[in-house]
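Asks: Sequence and predicted structure, then a few things I'm wondering about:
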Amino acid sequence: MPRLLFLGLLLLAATGCTSSLFPKTSPLEEVVLSGEGRDKVLLVEISGVLTSAKPGGLLDRFFDRLSLPARFKEELAKAEDDEDVKAIVLRINTPGGTVTASDILYHEIKELKKTREIPVIASIMDLGTSGGYYVAMAADRIVAHPSSVTGSLGVIMLTLNASGLMEKIGVRANAVTSGPHKDMGSPFRTMTEQDRAIFQGVIDNFYDRFLRVIEQGRPNLKPETIRELADGRIYSATQAKDHGLVDVIGYLDDALGLAKKKAGIEEAQVVMYQRSGGYHPNIYAQGPGGLARTDRIFPKLDPVSLLLTGGTPAFMYLWLP
């Protein structure tokens with residue numbers, strides 16, 4: 001019976017006949033996690049791989065789920081309209097993601113702070129590396145969990161060279177292009193030195209942007225110090241604190257307390273936004289975005305998928321050990 005149900009759902013997804021059987025995305029609703037009073041501290045989750053792509057799993061075909069930037073903007077817009085929201089805590093648990101998705105989240109926080117002068121505190125949980133740290137630069141203070149890992153400040157782009165394998169199995173890929181670099185990055189040919197130089201130029205531009213964002217977020221650090229720290233290595237919470245990359249080593253409760261202190265309030269409700277039917281018993285409950293698996297969001301990082309699909313390389317602020 002379960003197998004028949006699964007096959008039935010799969011058939012519906014393949015034919016597109018699911019719109020009337022499964023609900024569309026419902027508006028966000030506020031849920032109180034703890035505390036009391038009229039004032040609120042909003043807890044916003046930033047987790048999984050940062051990407052502008054919508055979730056692409058099988059069950060996601062049946063539910064109209066938003067991309068991370070869309071959901072994030074929706075939450076910030078709701079907070080902007082609520083005068084009782086006095087502070088925001090970003091609960092960060094991400095290795096980073098694409099350059100653009102990381103920059104969008106950073107930009108949206110900065111835009112909110114232009115219209116609402118409220119403190120924003122970043123709380124790094126397990127991971128706040130690369131693009132996750134980039135987003136944290138929009139916060140007023142950064143609290144790192146004692147066992148968190150941050151750093152990996154820089155840019156990465158992965159490509160796959162399958163030309164040797166193709167020759168062994170007797171298959172040749174031919175591309176007709178309008179210019180010599182149109183198929184640069186293709187897994188079906190060897191990267192030339194000119195190709196590499198072009199890619200490196202783009203990566204250097206994105207790296208320089210990362211450095212400028214850190215300079216704005218960490219004004220007490222000298223530019224030359226930031227460049228030394230941003231060589232791609234990771235840092236423990238203690239190391240990050242010693243280098244001035246984070247402000248406080250503490251727990252999520254400490255970040256919430258710091259948010260209230262910065263907002264000048266003593267009592268406040270800690271709230272999250274959820275979709276209808278969600279369950280959030282405490283401050284560690286997963287938010288509406290959920291965790292994004294790297295292999296679902298970036299199938300191109302799988303060598304076999306890259307070979308079969310000719311996936312385009314992505315520029316990423318991502319720790320990818």
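Replies: Received the coordinates, thanks.

Asks: Please enumerate the helices of the chain.
Replies: 2-15, 68-80, 99-115, 131-136, 163-168, 193-217, 223-229, 237-243, 252-263, 294-297, 303-309 (DSSP state H).

Asks: just the ones you listed: most buried one?
Replies: Across the helices of the chain, averaging neighbours per residue (mean count of other Cβ atoms under 10 Å) puts helix 131-136 on top, at a mean of 30. C-betas here are computed from N, CA, C, even on glycine.

Asks: Select, out of the helices of the chain, the one closest to residue 187.
Replies: For the helices of the chain, the distance to residue 187 is smallest for helix 303-309, at 5.5 Å, taking Cβ to Cβ.

Asks: so can I have JSON lines of the helices of the chain showing distance to residue 187 and mean pLDDT?
Replies: Formatted as JSON lines, the helices of the chain follow (distance: least, Cβ to Cβ, whole Å; pLDDT from 0 to 100):
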{"stretch": "helix 2-15", "distance to residue 187": "28", "mean pLDDT": "54"}
{"stretch": "helix 68-80", "distance to residue 187": "27", "mean pLDDT": "95"}
{"stretch": "helix 99-115", "distance to residue 187": "21", "mean pLDDT": "97"}
{"stretch": "helix 131-136", "distance to residue 187": "24", "mean pLDDT": "99"}
{"stretch": "helix 163-168", "distance to residue 187": "8", "mean pLDDT": "70"}
{"stretch": "helix 193-217", "distance to residue 187": "13", "mean pLDDT": "96"}
{"stretch": "helix 223-229", "distance to residue 187": "32", "mean pLDDT": "98"}
{"stretch": "helix 237-243", "distance to residue 187": "36", "mean pLDDT": "99"}
{"stretch": "helix 252-263", "distance to residue 187": "42", "mean pLDDT": "98"}
{"stretch": "helix 294-297", "distance to residue 187": "17", "mean pLDDT": "42"}
{"stretch": "helix 303-309", "distance to residue 187": "6", "mean pLDDT": "46"}
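
Asks: out of the ones you listed, which comes closest to residue 124?
Replies: If we rank the helices of the chain by Cβ to Cβ, the stretch that ends up nearest is helix 131-136, at 6.8 Å.

Asks: thinking again about what came up before, format the helices of the chain as JSON lines; extra columns: distance to residue 142.
Replies: Shown next, in JSON lines, are these (distance: least, Cβ to Cβ, whole Å):
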{"stretch": "helix 2-15", "distance to residue 142": "41"}
{"stretch": "helix 68-80", "distance to residue 142": "18"}
{"stretch": "helix 99-115", "distance to residue 142": "13"}
{"stretch": "helix 131-136", "distance to residue 142": "5"}
{"stretch": "helix 163-168", "distance to residue 142": "44"}
{"stretch": "helix 193-217", "distance to residue 142": "8"}
{"stretch": "helix 223-229", "distance to residue 142": "14"}
{"stretch": "helix 237-243", "distance to residue 142": "8"}
{"stretch": "helix 252-263", "distance to residue 142": "9"}
{"stretch": "helix 294-297", "distance to residue 142": "24"}
{"stretch": "helix 303-309", "distance to residue 142": "35"}
